[in-house]
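Engineer: dropping a prediction and its sequence here:
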Amino acid sequence: MRERALEGALEARLEAQVQARTEANREFFAEQSERLARLCHAMAERFARGGRLIASGGSPTARSDARHVAVEFVHPVIVGKRALPAIGLAAEGGSLPSQVELLAMPDDIVIAFGAAADASDAASVVQAARARGCLTIAFARVGADWEFEPPTADRYVAQELTETLYHVLWELVHVFFEHRGLLQGRTERRTHDAGASSFLYPFLDERESNLEPVLDDVRRSVLMKADEIGALREQTLTENRMTLVDASVALRRSFAPGGKLLVLGNGGSATDAMDVVADFRVPAAGGPARRAIDLTEDTGIITAVANDIGVDAIFSRQVIAYGTRGDVLLALSTSGNSVNVIEALAEARSRGLETIAMVGYDGGRIGSEAIADHVVITRSEHIPRIQEAQAGAYHCLRELVELVREDPPE
């Protein structure tokens, strides 16, 4: 009876979390869609002049966002999207304003991550960037050219909205590279020379005065993407609600006697692993900070193993080093097929660790072969949306762990 009551309470909390996220997502992007379209155009102009994206984050959570947006721009995962120059700066490199002063050039774009609670780092970065002539973006009122404050006091929901926002910027900035005549000197009314293709694609010869229709198309695309992630996040949290409940109980069972959480992923999922660990290492929902280790953090270990043994072993070797019976491993993968993730999950199981996986598509090998004990599937093939929905899942998991008020029986 007690276990059924616990499950019911956790499911009810998940439902409330879904509603809060859906409402905040709808409100935020409805309000900001036109501004985001214009920002995409402003960013495209900077990139066209040779500018770069510089993302900075002082806190552990802000660092994960800075690393995430940088890897998305530098290593595009959508066919047809060009790589754009970007770098992520974090506190391990020293003073963030000093790093910006050293590295930023006048045509660069600087994104300063940091919520209102830790906005001092972002404010200093923005000040340094503006002094260098950079276009500045921030998520709190810190004096940036473009400021986007998520309409929520929930730090997890705010981070999810921020992640969707910079994914949308990355996806839609490319629209203006297809209309290069709209990128420079709007007062000069340059035309886009479509050459011999003009009879097939007459819109490519539009004059720069036709910027507004393109901006409106981008605005509508922002709203469409926001609707897509709203539905996908709801699917992820609703269809997988019992998996998330069971995983939260398993985590609480591990933490009670002193166990720890190991987290891993590749690329953008690696930066999400950073975010998971940052979240667990601070108190949440009335509970204490929890023991967590980020297996993507130590580049010396990762590159040594990759170079001397192979990329497939970069996580499993760390599971051997850090994992003990009773710990929990959380693996993030958009495909569910990454060999180094699968090998880490197998190694964890062999050593008596409980395993959780958050995967996209149809679950991949991890889902079809039940390689993890708890598999959360986000049913999409669009990598940015998968990662955004997974962020909602692991944020909810963090809170649910603390709602398991009594240690579950063995």
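Structural biologist: Received, thanks.
Engineer: contacts only, for residue 217.
Structural biologist: Applying C-beta atoms under 8 Å, 6 or more residues apart in numbering, one finds that residue 217 lies in contact with residue 175. The way it works is simple: take the backbone N, C-alpha and C, and place the C-beta from them, glycine included.
Engineer: helices of the stretch 51-200 of the chain, residue ranges please.
Structural biologist: 60-74, 96-103, 119-131, 155-172 (DSSP state H, counting those that start in this stretch).
Engineer: compare those and give me the one nearest residue 324.
Structural biologist: helix 60-74 (24.0 Å; C-beta to C-beta).
Engineer: for that closest one, which positions count as buried?
Structural biologist: Buried residues in helix 60-74, defined by neighbour count with 16 or more other C-beta atoms under 10 Å: 60-73.
Engineer: quick one: which of these is nearest residue 327?
Structural biologist: residue 60 (20.6 Å).
Engineer: neighbours of the residue lying closest to the closest one once chain neighbours are set aside, just the number please.
Structural biologist: Distances taken as C-beta to C-beta, 6 or more residues apart in numbering put residue 278 closest to residue 60, at 3.5 Å, once the chain neighbours are dropped. Residue 278 sits with 18 neighbouring residues when counted by other C-beta atoms under 10 Å.
Engineer: what ranges do the strands span in the stretch 1-150 of the chain?
Structural biologist: Remark: strands assigned in the stretch 1-150 of the chain by DSSP state E, counting those that start in this stretch are 53-57, 86-90, 109-113, 135-138, 146-147.
Engineer: measure the residue nearest to the spatial centre of the chain to residue 233 for me?
Structural biologist: Residue closest to the average C-alpha location in the chain (C-alpha atoms, centre = their mean): residue 163, at 4.7 Å. Distance check for residue 163 against residue 233: by C-beta to C-beta, to the nearest Å, it reads 11 Å.
Engineer: ditto for residue 355
Structural biologist: Going from residue 355 to residue 233 by C-beta to C-beta gives 23 Å.
Engineer: report pLDDT for the closest residue to residue 210 other than its chain neighbours.
Structural biologist: For residue 210, ignoring the flanking residues on the chain, the nearest one in space by C-beta to C-beta, 6+ apart is residue 182 at 7.8 Å. pLDDT for residue 182: 73.
Engineer: residue 345 too?
Structural biologist: pLDDT, residue 345: 98.
Engineer: I'd say it and residue 330 touch.
Structural biologist: No - here residue 345 does not reach residue 330: they are 10.0 Å apart, not a contact under C-beta atoms under 8 Å.
Engineer: shared neighbours of the two, anything?
Structural biologist: In contact with both residue 345 and residue 330: residue 357, using C-beta under 8 Å, 6+ apart.
Engineer: give me the below-cutoff pLDDT ranges for the stretch 51-200 of the chain.
Structural biologist: Within the stretch 51-200 of the chain, the segments meeting pLDDT under 70 span 79, 116-118, 180-181, 184-200.
Engineer: cutoff 50 now
Structural biologist: 185-200 (pLDDT under 50).
Engineer: scan this protein for its longest helix.
Structural biologist: helix 2-48 (DSSP state H).
Engineer: give the rounded mean pLDDT of that one.
Structural biologist: Average pLDDT, helix 2-48: 90.
Engineer: now do the contacts for the closest residue to residue 255 other than its chain neighbours.
Structural biologist: Leaving aside its sequence neighbours, residue 255 sits nearest to residue 290 (C-beta to C-beta, 6+ apart; 5.5 Å). Residues in contact with residue 290 (C-beta under 8 Å, 6+ apart) are 255, 260-261, 280-281, 401.
Engineer: quick one, phi/psi of residue 324?
Structural biologist: phi -130, psi 160 (degrees, to the nearest 10).
Engineer: could you shift the numbering so residue one becomes 27, and keep it that way?
Structural biologist: From this message on, residue numbering opens at 27, which makes the last subject residue 350.
Engineer: and for it, the neighbour number?
Structural biologist: A count of neighbours around residue 350, defined by other C-beta under 10 Å, yields 11.
Engineer: the closest residue to it other than its chain neighbours: neighbour count?
Structural biologist: Leaving aside its chain neighbours, residue 350 sits nearest to residue 377 (7.3 Å; criterion: C-beta to C-beta, 6+ apart). A total of 15 residues lie near residue 377 under the criterion other C-beta under 10 Å.
Engineer: repeat for residue 141
Structural biologist: Neighbours of residue 141 under the rule other C-beta under 10 Å: 19.
Engineer: circling back to that earlier point, A strand includes the residue nearest to residue 86, no?
Structural biologist: No - counting by DSSP: H, G, I helix; E, B strand; the rest coil, residue 304 is not part of a strand but helix.
Engineer: I'd guessed it sits against residue 93; true?
Structural biologist: No - counting by C-beta under 8 Å, residue 304 stays clear of residue 93, with 11.4 Å between them.
Engineer: what sits in contact with each of these two?
Structural biologist: Joint contacts of residue 304 and residue 93 (C-beta under 8 Å, 6+ apart) do not exist.
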